[in-house]
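J.: Provided below are the primary sequence and the corresponding predicted coordinates.
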Amino acid sequence: MASKTGSQGQAVLYWPNLVPPTLPASFSTYRALRKHPTVALARRLSIAPILRGSWGLEGPAASDETLALAQAIIARLRSLFVGFALRGLWDYGFVAFEQYLNMEDKALVLKPLLADNIKVRVDSNGDFAGLEVLTLGAMQPVVLQPDECVFLGLDSEAGNFYGEGMLEIARGSVNEWNVANAGADRYDAKVAGTHLVLYYPPGKSLDEAGVEQDNLVVAQQVLSMLESSGSAAIQDESPQFLDDLSKKLPPRWHVEYLSDSSPRQGSFIERMKYLDCLIVRAFGLPERAVLEGEFGTKAEAGIHQDLALTAMEAVHEFLTEEFERQVLQPYIRLMLGLPAAESVNLTAGPISREAMSWKRKLVEAIIPLQPQAVDLDALLDEVGVVKAETTVE
C-alpha cells in the first residue's frame, strides 16, 4: 500500500490592504506568529518536556511477539508522532497524518499532512468519517477513510473537530504587542534627540547675501545650515516699543535646545512586558516559570513550574491514548489479530524531574525486594532506563 495524498504544497495568503501590525486568523498568520520571540520561547518550552517524555507498555498476558512488535512501533514512530502532533495542536488546534503500510516490509508509515489542505468529513450522526486532502495537480481532493488517517483536535467541541490552537489564543495579545511596539517607535522618532528652536523678531533683516528678507525667511535659512535631529522657528512677539530698550534687553534673535525628559517610554515597556506575560500564559505556562522575575521567591517560581508540568502531563496522556487508539492497536490487530491488540496497553511516563526521580527510586527500592510486585518492563520504559537484550537459547 502506498501513500494516496502525494505532494501537497503550501497555501500562501497575502493581504495587500492589510495595515500592520493587525494579523487576521489564518494559517499564514499562525506561521508569522511563530517568529515572535516570546511566542517562540513559550512554544518551545511547552513542547520540549512532552517530547522528551517516554512511553511504557503494560501487557502481562501479551506474547513476546506482540510486545516486540509494539516496542518496535513506539521506538520508530513516537518522536515523529509526538513532535508533529504537538506543533500542529499548538499552532492550528489540530493535526492529521496519513497512515499506510510500506509495500516492501509491511512497516507502518505515518505521513504528516499540511494543515492548509485538510477538511474533516462528518457522517450523518456527526461522527468523524475521515479526511479530504488537497494535493498538487489534483482536480479533486483525496479521500482518506478513518482507518487510513490519524486526526487529533485540541480542546475540540461537539461538532467541531478542529479544536483551537494556542497561537489563536495568543494572537490578540501579539497584535496588541505589535501596536504598542509601533507606538513606541513613533514616539521615539518624534521625540528622540535634541530639537533646535530659533526665536526671531518681527520685521526684516539682511540675509547672508546682503538682501533684505522677512525674518521668517532668514530664520529658515539659518536653520537649514544647522545640523540637528529637529528644529523649529518661532516668531518672538515682544512689543515693538522694546526696541528702544534693546541695549538693556537680551538679543531678540536667540536659540534654545529642547529635549523630552518625560518618562513616557516606560509606559510602553510596562505594557509590552504585560503582553509578554499574556502570550506566555496562552501556552499554559505561568510567566513566573518562564520570564524574568522581579518579585516572589524561588520556591514560588518552582510551584508555578510544577503547575505547568501538570498541564503538560495531561497533554502527554492525551497523545498516548490517541496513539494507542488510532495507531498501535489497529496495526497490531491487522498484523497479529484482535486478542494480541487487546493484550497490551500504552502508558505515559512522567515528564517532570520530580516524578521521574520518584519512580526511579521506586524501581531501586522494589526490585531487590519484590520484583514480582511491579510490571518491570513498563516501569523501566517509563523512567527511561535502557533494558538489556535477552537471548533465548
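T.: Thanks, I have it.

J.: tell me the domain boundaries of the protein?
T.: Domain assignment of the chain by automatic domain parsing yields the ranges 27-166+283-351, 195-258, 352-393.

J.: which one of those domains has the most crowded surroundings?
T.: Highest mean neighbour count among those (mean count of other C-beta atoms under 10 Å): domain 27-166+283-351, with a mean of 17. C-beta here means a position set from N, CA and C on the backbone, and glycine is covered the same way.

J.: Make a markdown table from the domains of the chain and add mean pLDDT to it.
T.: Output for the domains of the chain, formatted as a markdown table (pLDDT from 0 to 100):
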| stretch | mean pLDDT |
| --- | --- |
| domain 27-166+283-351 | 87 |
| domain 195-258 | 67 |
| domain 352-393 | 56 |
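
J.: Make TSV from those domains and add distance to Asp188 to it.
T.: Output for the domains of the chain, formatted as TSV (distance: least, C-beta to C-beta, whole Å):
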stretch	distance to Asp188
domain 27-166+283-351	19
domain 195-258	11
domain 352-393	43
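
J.: Now for Gly130: which residues touch it?
T.: The contact partners of Gly130, by C-beta atoms under 8 Å, 6 or more residues apart in numbering, come to Arg121, Val143, Leu144, Gln145, Pro146, Glu148, Cys149.

J.: Let me know the closest of the residues you listed to Ala348.
T.: Cys149 (22.8 Å; C-beta to C-beta).

J.: For the contacts of Gly130, could you give me TSV that also reports distance to Lys111?
T.: Putting those into TSV (distance: C-beta to C-beta, whole Å) gives the following:
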residue	distance to Lys111
Arg121	18
Val143	15
Leu144	10
Gln145	15
Pro146	16
Glu148	10
Cys149	9
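
J.: out of these, who's nearest Leu89?
T.: Leu89 lies nearest to Cys149 out of the contacts of Gly130, by C-beta to C-beta, at 15.8 Å.

J.: The residue nearest to Gly165 when sequence neighbours are not counted and Gly337: what is the separation?
T.: Leaving aside its sequence neighbours, Gly165 sits nearest to Gly93 (C-beta to C-beta, 6 or more residues apart in numbering; 3.7 Å). Here the criterion is C-beta to C-beta, to the nearest Å. By it, Gly93 lies 36 Å from Gly337.

J.: what does Gly284 give?
T.: In terms of C-beta to C-beta, Gly284 sits 40 Å off from Gly337.

J.: got it, and Asp91?
T.: Separation of Asp91 from Gly337 (C-beta to C-beta): 38 Å.

J.: Helices along the chain, start to end?
T.: Secondary structure of the chain (DSSP state H): helices at 27-33, 37-51, 64-92, 166-191, 215-224, 264-282, 298-323, 329-336, 338-342, 353-366, 376-382.

J.: To Glu98, which of those lies closest?
T.: Closest to Glu98 of the helices of the chain, according to C-beta to C-beta: helix 64-92, at 11.9 Å.

J.: quick one, what contacts the residue nearest to Gly165?
T.: Gly93 neighbours (C-beta under 8 Å, 6+ apart): Gly153, Leu154, Asp155, Ser156, Tyr162, Gly163, Glu164, Gly165, Glu168.

J.: change it to 10 Å
T.: 30, 115, 152-156, 160-169 (C-beta atoms under 10 Å, 6 or more residues apart in numbering).
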